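Chemist: Please find the sequence and the predicted model below.
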Amino acid sequence: MLSTGAECLDALLDGGLKAPVLLEVVGAPATGKTQLCHQLAVMVQLPRDRGGLNGRALYVDTEGTFRPERVVSMARYRGLDPEKTLENIIVVEARSVVNLVEAVLALEGFEVDLLLIDSIASPFIFPRSIGEARRSWGRLVALLKRLSKLNRITVVTNVERGGRASGDPYTAMWVDKRIKLTNQSGNRVDVSLTLPYSVKKCRLMISEEGVLQG
């Protein structure tokens, strides 16, 4: 079981992320989606008795948002060596759909326990056909689901809603869990579990140390 690093979010997810699982993180810009991806890339490296998997992460960056300095801050807070933590995060840039698919298909060669795609929405902006974008997106998510099961790993994608084509209804059938992040006052974010539907919510705080219970 992989901890998110925030107790209330773990509780919302029934204890954390148990592989194989495909989690979709949804939210408007600046709600902490990328911050959570960074934190998970750190958390997976912790020993199992501290909520980690003693593993590595593959971080597919489609928008140039990966920040090594954030990993360093989070690693120090968790008592990890920042340099070794960065070495255990394989960062692959994928600005197009083709590059994204290639990165995903290369997964098995990396021997990782966690795949992060930040963000999966960006390459699927097809101005001529939103329908085709949704279908292509859905096919990729189906592939992610299959790879998650075959390799017994956790897959996390983040999706910015608003101004971009939504992957639904094609992605919802493959996603195991979906959480929605909503900005509140200051650096606090409300989180709700929307797939499967739940009335439970929690509040997170974005800080220098990471995404913590708020």
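Modeler: Looks like it arrived, so ask away.
Chemist: so what's Val72 closest to, chain neighbours aside?
Modeler: Take Val72 and drop its neighbours on the chain: the residue closest to it by C-beta to C-beta, 6 or more residues apart in numbering is Pro82, 4.2 Å away. Using the backbone N, CA and C atoms, a C-beta is placed for each residue, glycine as well.
Chemist: And the strands in this protein, which stretches?
Modeler: For the chain, applying DSSP state E gives strands covering 21-27, 57-61, 89-93, 114-118, 154-160, 177-183, 188-195, 197-207, 210-213.
Chemist: list the contacts for Ser198?
Modeler: Leu12, Ser192 (C-beta atoms under 8 Å, 6 or more residues apart in numbering).
Chemist: Can you check which of the strands of the chain gets nearest to Ile125?
Modeler: strand 154-160 (10.7 Å; C-beta to C-beta).
Chemist: At the geometric centre of the protein, which residue do we find?
Modeler: Geometric centre of the chain, nearest residue: Val156, 3.4 Å, by C-alpha atoms, centre = their mean.
Chemist: isn't it right next to Ile120, touching?
Modeler: No: counting by C-beta atoms under 8 Å, Val156 sits too far from Ile120 to count as a contact (9.6 Å).
Chemist: What is the least confident helix or strand in the chain?
Modeler: Ranking every helix and strand in the chain by mean pLDDT, DSSP states H and E puts helix 130-151 at the bottom, with a mean of 89.
Chemist: between that helix and strand 21-27, what angle do the directions make?
Modeler: 140 degrees (axes from the mean of the first three to the mean of the last three C-alpha atoms, to 10 degrees).
Chemist: Distance from the chain centre to helix 130-151, please.
Modeler: Average the C-alpha atoms of helix 130-151, do the same for its chain, and the two points are 15 Å apart (C-alpha atoms, centre = their mean, to the nearest Å).
Chemist: Go through it and flag the buried ones.
Modeler: Across helix 130-151, burial judged by 16 or more other C-beta atoms under 10 Å covers Ala133, Arg134, Ser136, Trp137, Gly138, Leu140, Val141, Leu144, Lys145, Leu147, Ser148, Asn151.
Chemist: ok, the fifth one touching Lys145?
Modeler: This means Gly138. No: judged on C-beta under 8 Å, Gly138 makes no contact with Lys145 at a distance of 10.5 Å.
Chemist: what touches both of these two?
Modeler: Trp174.
Chemist: coming back round to it: how about the strands of the chain in TSV, adding distance to Leu46 and mean pLDDT?
Modeler: Converted to TSV, the strands of the chain look like this (distance: least, C-beta to C-beta, whole Å; pLDDT from 0 to 100):
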stretch	distance to Leu46	mean pLDDT
strand 21-27	18	95
strand 57-61	12	98
strand 89-93	13	97
strand 114-118	12	97
strand 154-160	14	94
strand 177-183	21	93
strand 188-195	21	94
strand 197-207	18	92
strand 210-213	12	96
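Chemist: how about the ones you listed in CSV, adding distance to Ala11?
Modeler: Shown next, in CSV, are those (distance: least, C-beta to C-beta, whole Å):
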stretch, distance to Ala11
strand 21-27, 15
strand 57-61, 23
strand 89-93, 26
strand 114-118, 20
strand 154-160, 17
strand 177-183, 12
strand 188-195, 10
strand 197-207, 7
strand 210-213, 10
